[in-house]
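J.: Pasting the sequence and the predicted model now:
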Amino acid sequence: MQQLTSLPPTLFFIFGGSGDLNYRKLTPALYNLFLDGSMPQKFNVIGIARTEYSEEVYEQHLLEGIKNFSRRKDETGRWKEFADKSSYIQMDVADEKAYAQIVEIVKQKEQEFGVHPNIIFYMAVAPQLVPVIVKNLGKAALCKDVKCSRIVVEKPFGHDLQSAMEMNQLLSTIFDEKQIYRIDHYLGKETVQNILALRFANALFEPIWNKNYIDHVQITSSETVGVEGRGGYYDNSGALRDMVQNHMLQLLCMIGMEAPVSFDANEIRNKKVDVLNAIRKIKKEEVQDYATRGQYSKGWMHSQEVPGYRQEKDVKPDSSTETFAAVKFYIDNWRWEGVPFYVRTGKSLHEKATILTIQFKAAPHYSFPAKAAETWRPNRLAISIQPEMDIRLRFQAKQPGQEMILNPVDMVFNYKDAYNGDEPEAYETLLYDVMEGDATLFMRADQVEAAWKVVMPIIEVWEERKPTDFPNYAPDSWGPEDAEALIARDGHNWIMVGKKNKA
Ligand code: BG6
């Protein structure tokens, strides 16, 4: 039975309505929310872009997106009902006068709904267009109502600390911080949200979640794809800006944060900012000890020949942009003093996986005979974010038989077994939260800036010292040798766990 929400009437204006993000993610997410009865009873979604589209062609285009990218590709039976609430405005976002069309729609809908609707402006556009849109929305007085109007800003949020601060400054002249929803889609993933449940809803883990019991933490987010036609954007970004500054540091915050006193949006975000502010500032002269970079060459990926990064469309043939980054962070506070957090991410790697591994210290005393304990391994908690969605706790068990032989075994919680595997997509969760006005999973201005401060020394050094060995890793590998060396220097190695990797 479909349940209906009590969300107030809502207008969703999607700037970049003809773009890829709307096609692949936003409309499929909104339609899934609609199927689940999680959209407001009265709503409209209005796509805005420069491309010329008839309403009919636009509808068809969005439907195709659902058929290709929705988690429920085949459930298009109620599409017509949803499409009747969708429309399209063709306009040049730089044209101040064109915003009168939006004002007009808001007026009409206000009359139709009988109340002033909530208005959400979604920036699914290239970052350089955001300032002009924001200014024009401000001039058209479309964002004055702090309670009802909201803006959603996609990443990349700035290109460096300076530009992120400028963007925050501009947004704050038109919007109150409460109205601004800076998206990091990793925070909408079920498995990421579950980290808070695991840590703070169980009495078991928190007492040992510190430097006394944890040896080190690893966070891997690897992709098998290359830049997938996004060379123009990626070549000015690179793995550090594209993944580490945002998604990876957010994951690190979830592992590193102190227990929140409540689930209030600001309380959670305060606790995360505390982590970012406590991350040791890497001195420029020490960057090579803490961070390493790579770029993929051409080669073979799962028996298919694939181009190297420098051969990708819109990438400079001598590009020194990194497609792989590995960094060692320290959180210099009482809980984490001396515990390394190793973070790595890259494209064109052996496997698509995002995994967080908490490696516990070894037992202090091996009371079993040496022969029994040859394969004794320290405990380990592995949280698989994607594509596997599970949590594995490794501990020692006695191997059945007359002799006392110990072996590591896994205790596994798997989402598919426990919940039938029908989790909402990250964008569904996040869009619902924007409609509800819950900013917990969104980045506050100071969070974004603190995250930029963490990576800036590395960015600066990497820009000053061009790499001489690029490309330095083959597709289908685990990245450059230097990344192995970075962690091996501390006596560790990168861990991959899960069904495929029984390490
Ligand atoms: C995006 C990056 O933010 O995240 C992409 O810009 C990357 O380069 C993507 O591929 C990864 O997201 P996910 O959800 O597939 O891990």
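T.: Alright, I've got the coordinates.
J.: so is the residue in the chain that the ligand sits nearest to in a helix, a strand, or just coil?
T.: Closest approach of the chain to the ligand (Cβ to the nearest ligand atom) occurs at Asp242, with a separation of 4.7 Å. The way it works is simple: take the backbone N, C-alpha and C, and place the C-beta from them, glycine included. Of the three states, Asp242 takes helix under DSSP: H, G, I helix; E, B strand; the rest coil.
J.: which residue sits closest to it, ignoring its sequence neighbours?
T.: Excluding the flanking residues, the one nearest Asp242 by Cβ to Cβ, 6 or more residues apart in numbering is Tyr234, at 6.6 Å.
J.: again, but for Leu161
T.: Leu161 sits nearest to Trp452 (Cβ to Cβ, 6+ apart), 4.0 Å away.
J.: Over to that neighbour: give its phi and psi.
T.: The phi/psi pair for Trp452 (degrees, to the nearest 10) reads phi -60, psi -40.
J.: Equivalent analysis for the one 10 residues further on, please.
T.: Recorded main-chain torsions at Trp462 are phi -70, psi -30, according to degrees, to the nearest 10.
J.: what's downstream of the helix or strand where Tyr88 lies, the next helix or strand?
T.: Assigned by DSSP states H and E, Tyr88 belongs to strand 86-90. Under the assignment DSSP H and E, the closest C-terminal helix or strand after strand 86-90 is helix 100-113.
J.: Quick one: list the elements packing against the helix or strand following that following helix.
T.: Per DSSP H and E, the first helix or strand lying C-terminal to helix 100-113 is strand 118-123. For strand 118-123, the helices and strands in contact under the criterion 3 or more Cβ pairs under 8 Å, 6 or more residues apart in numbering; DSSP states H and E are strand 10-15, helix 130-139, strand 149-153, helix 426-436.
J.: For the stretch 151-300 of the chain, which residues are neighbours of the ligand?
T.: Residues of the stretch 151-300 of the chain lying close to the ligand (Cβ under 6 Å from any ligand atom) are Lys155, Glu223, Asp242.
J.: 5 Å instead?
T.: The stretch 151-300 of the chain comes close to the ligand at residues Asp242, as judged by Cβ under 5 Å from any ligand atom.
J.: in the stretch 351-500 of the chain, what spans have low per-residue confidence?
T.: Along the stretch 351-500 of the chain, the parts satisfying pLDDT under 70 run over 498-500.
J.: Now do the same for the residue most central in space within the chain: helix, strand or coil?
T.: Residue closest to the average C-alpha location in the chain (Cα atoms, centre = their mean): Tyr186, at 2.6 Å. Using three-state DSSP, the structure places Tyr186 in helix.
J.: Can you tell me, leaving aside adjacent residues, what's nearest to it?
T.: Spatially, and ignoring its direct neighbours in sequence, Tyr186 is nearest to His247 (4.2 Å; Cβ to Cβ, 6+ apart).
J.: Tell me which residues touch the one you found, please.
T.: Asp184, His185, Tyr186, Ser221, Thr345 (Cβ atoms under 8 Å, 6 or more residues apart in numbering).
J.: For the host helix or strand of the last one, name the packing helices and strands.
T.: I take that to be Thr345. Thr345 is part of strand 340-346 when elements are defined by DSSP H and E. Counting contacts by 3+ Cβ pairs under 8 Å, 6+ apart, strand 340-346 packs against strand 214-222, helix 249-256, strand 324-330, helix 481-488.
J.: Tabulate these (CSV), appending distance to Trp462.
T.: Below are the helices and strands packed on strand 340-346 laid out as CSV (distance: least, Cβ to Cβ, whole Å):
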stretch, distance to Trp462
strand 214-222, 19
helix 249-256, 17
strand 324-330, 9
helix 481-488, 13
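J.: Could I get these in TSV, plus columns for mean neighbour count?
T.: Shown next, in TSV, are the helices and strands packed on strand 340-346 (neighbours: other Cβ atoms under 10 Å):
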stretch	mean neighbour count
strand 214-222	22
helix 249-256	24
strand 324-330	24
helix 481-488	17
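J.: circling back: is the residue nearest to the centre of the chain in contact with Cys253, as I believe?
T.: No - distance between Tyr186 and Cys253: 10.8 Å, which falls outside the contact criterion (Cβ atoms under 8 Å).
J.: residues from the chain in reach of the ligand?
T.: Asp242.
J.: Centre of this structure to the edge, which residue is at the far end?
T.: Furthest out from the centre of the chain (Cα atoms, centre = their mean) sits Gln402, at 49.3 Å.
J.: And that residue, how far from Tyr432?
T.: Distance, Gln402 to Tyr432, using Cβ to Cβ, to the nearest Å: 57 Å.
J.: Equivalent analysis for Trp462, please.
T.: 38 Å.
J.: Do you have the strands of the stretch 401-503 of the chain handy? List them.
T.: For the stretch 401-503 of the chain, the strands defined by DSSP state E, counting those that start in this stretch cover 406-414.
J.: returning to that earlier point: relative to the strand holding Tyr88, what are the paired strands and their orientations?
T.: Strand 86-90 pairs in its sheet with strand 43-49 (parallel), by DSSP bridges.
J.: got the angle for the strand it pairs with vs helix 100-113?
T.: Relative orientation of strand 43-49 and helix 100-113, computed by axes from the mean of the first three to the mean of the last three Cα atoms, to 10 degrees: 170 degrees.
J.: Following the chain onward from strand 43-49, which element is next?
T.: Using DSSP H and E, the first helix or strand after strand 43-49 is helix 55-69.
J.: Alpha carbons of that next one, in PDB - could you do that?
T.: Extracted C-alpha coordinates of helix 55-69, given in PDB (Å, rounded to 0.1, in the frame of the first residue of the first chain):
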ATOM      1  CA  GLU A  55       7.400  19.200 -24.000                       C
ATOM      2  CA  GLU A  56       6.900  15.900 -25.700                       C
ATOM      3  CA  VAL A  57      10.500  15.300 -26.700                       C
ATOM      4  CA  TYR A  58      11.700  16.300 -23.300                       C
ATOM      5  CA  GLU A  59       9.300  13.900 -21.600                       C
ATOM      6  CA  GLN A  60      10.500  11.100 -23.900                       C
ATOM      7  CA  HIS A  61      14.100  12.000 -23.100                       C
ATOM      8  CA  LEU A  62      13.500  11.700 -19.400                       C
ATOM      9  CA  LEU A  63      11.600   8.500 -19.800                       C
ATOM     10  CA  GLU A  64      14.600   7.000 -21.600                       C
ATOM     11  CA  GLY A  65      16.800   8.000 -18.700                       C
ATOM     12  CA  ILE A  66      14.500   6.100 -16.400                       C
ATOM     13  CA  LYS A  67      14.600   3.000 -18.600                       C
ATOM     14  CA  ASN A  68      18.300   3.100 -18.700                       C
ATOM     15  CA  PHE A  69      19.300   4.300 -15.200                       C
END
